[in-house]
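Chemist: sequence first, predicted model second:
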Amino acid sequence: MENPLLLSPQLNTCSKVKSLCKIMKSMNKEGAKPETKTRAQEKKNRLSLLQKAELHPNVDLDKFEKLAKASSESPQTVKKWGESFEKLISQKAGLDVFTRFLKTEFSEENIEFWLACEDYKKSEDLSQLSLKANDIYETFIKKEASKEVNLDFNTKELTSKNISHPTHNTFDAAQMKIYTLMEQDSYPRFLRSNLYLDLVNGRPQGCTALRRRSRSFTFNEFRDEQPDFAIWL
């Protein structure tokens, strides 16, 4: 008697699919291949990341929530930050936003050094100058310091000599170098950044980066993926 499955291509195809499913289920019961489980988990992780509204391409998720807090300043006030670097960092809100920008570039040590120097010059207890001066030197200027700033050889040498007899002006040369570096290098990039442009236009911070990241992430991560029956069984 002729096999009825051969009479209908659709029935034949259906039968093959059912057979394949049985084989895949059998494999799952015996234990799916390690790489199959890994791929399935990776896809779940990717989808989970896409669902997080605070996703940012330059910082990790644990820190991004703090970086994405909206500024309470009006767009009009924010626009004034674009008039000069001095106006930006003279306001607490502007200084905070600029610091957040430097963190995305991993160069926040520059503004931290500048602030430390400002605090140092306000010291009223002269007996504490030496202690504070050494602390700033060890943290920001010494070779391979934990937050070493980018200073030329001559400025470092001058500052090192000033440490032996600290005054309120010990770090003036170094502070001016870093101020100029931020003003001429970091500040122009800040004005072109999505962080600043979002504030100027009254958009929630990070929304532009999120849209760009979502499109790029989806295309790059899934364009080469092949169907995996094990995920659906």
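Modeler: Structure received. Here the structure is a predicted model, which means the values were calculated and not measured. Residues are numbered from 1 along each chain as shown.
Chemist: what's the burial count for Val97?
Modeler: A total of 24 residues lie near Val97 under the criterion other Cβ atoms under 10 Å. In this view, the C-beta of every residue, glycine as well, is placed from N, C-alpha and C.
Chemist: list the contacts for it?
Modeler: Going by Cβ atoms under 8 Å, 6 or more residues apart in numbering, Val97 touches Ser71, Trp81, Leu195, Tyr196, Leu199.
Chemist: kindly recompute the last result at 6 Å.
Modeler: Going by Cβ atoms under 6 Å, 6 or more residues apart in numbering, Val97 touches no other residue.
Chemist: which helix or strand contains it?
Modeler: helix 92-104 (DSSP states H and E).
Chemist: tell me the helix or strand right after that helix.
Modeler: Assigned by DSSP H and E, the successor of helix 92-104 is helix 109-121.
Chemist: just the pLDDT at Leu61, thanks.
Modeler: pLDDT, Leu61: 40.
Chemist: give me the buried positions along the helix holding Val97.
Modeler: Gly94, Leu95, Val97, Phe98, Thr99, Arg100, Phe101, Leu102, Lys103, Thr104 (16 or more other Cβ atoms under 10 Å).
Chemist: over to stretch 173-183?
Modeler: Ala174, Gln175, Lys177, Ile178, Tyr179, Leu181, Met182.
Chemist: what lies in contact with that stretch?
Modeler: Against stretch 173-183 from outside (Cβ under 6 Å, 6+ apart): Phe85, Asn110, Phe113, Trp114, Cys117, Val149, Leu151, Thr155, Leu158, Thr159.
Chemist: give me the neighbour count for Thr170.
Modeler: Other residues close to Thr170 by other Cβ under 10 Å number 25.
Chemist: picking that back up, who wins on neighbours among the contacts of stretch 173-183?
Modeler: Per-residue neighbour counts (other Cβ under 10 Å) across the contacts of stretch 173-183 peak at Phe113, which has 26 neighbours.
Chemist: skip the chain neighbours and tell me the closest residue to that one.
Modeler: Phe140 (4.4 Å; Cβ to Cβ, 6 or more residues apart in numbering).
Chemist: show the contacting residues for that neighbour.
Modeler: Per Cβ under 6 Å, 6+ apart, neighbours of Phe140: Phe113, Lys147, Val149.
Chemist: isn't the first one right next to Asn150, touching?
Modeler: No - between Phe113 and Asn150 no contact is recorded; they are 10.1 Å apart, counting by Cβ atoms under 6 Å.
Chemist: all helices of this protein, in order?
Modeler: Here the chain has its helices, by DSSP state H, at 9-30, 34-50, 61-67, 75-80, 85-90, 92-104, 109-121, 129-136, 153-163, 172-181, 187-192, 194-200, 207-222, 229-232.
Chemist: who are the packing partners of the fifth one?
Modeler: Yep, that's helix 85-90 we're talking about. In terms of contacts (3 or more Cβ pairs under 6 Å, 6 or more residues apart in numbering; DSSP states H and E), helix 85-90 is packed against helix 92-104.
Chemist: again, only this time at 8 Å
Modeler: helix 92-104, helix 187-192 (3 or more Cβ pairs under 8 Å, 6 or more residues apart in numbering; DSSP states H and E).
Chemist: please save the CA atoms from the first one in CSV.
Modeler: It stands for helix 92-104. C-alpha atoms of helix 92-104 as CSV (Å, rounded to 0.1, in the frame of the first residue of the first chain):
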residue,chain,number,x,y,z
LYS,A,92,26.8,74.9,40.5
ALA,A,93,24.3,73.4,38.0
GLY,A,94,26.7,74.0,35.1
LEU,A,95,29.6,72.6,37.0
ASP,A,96,27.6,69.5,37.9
VAL,A,97,26.5,68.9,34.3
PHE,A,98,30.1,69.5,33.0
THR,A,99,31.4,67.1,35.5
ARG,A,100,28.9,64.4,34.4
PHE,A,101,30.1,65.0,30.8
LEU,A,102,33.8,64.5,31.8
LYS,A,103,32.8,61.3,33.5
THR,A,104,31.5,60.0,30.2
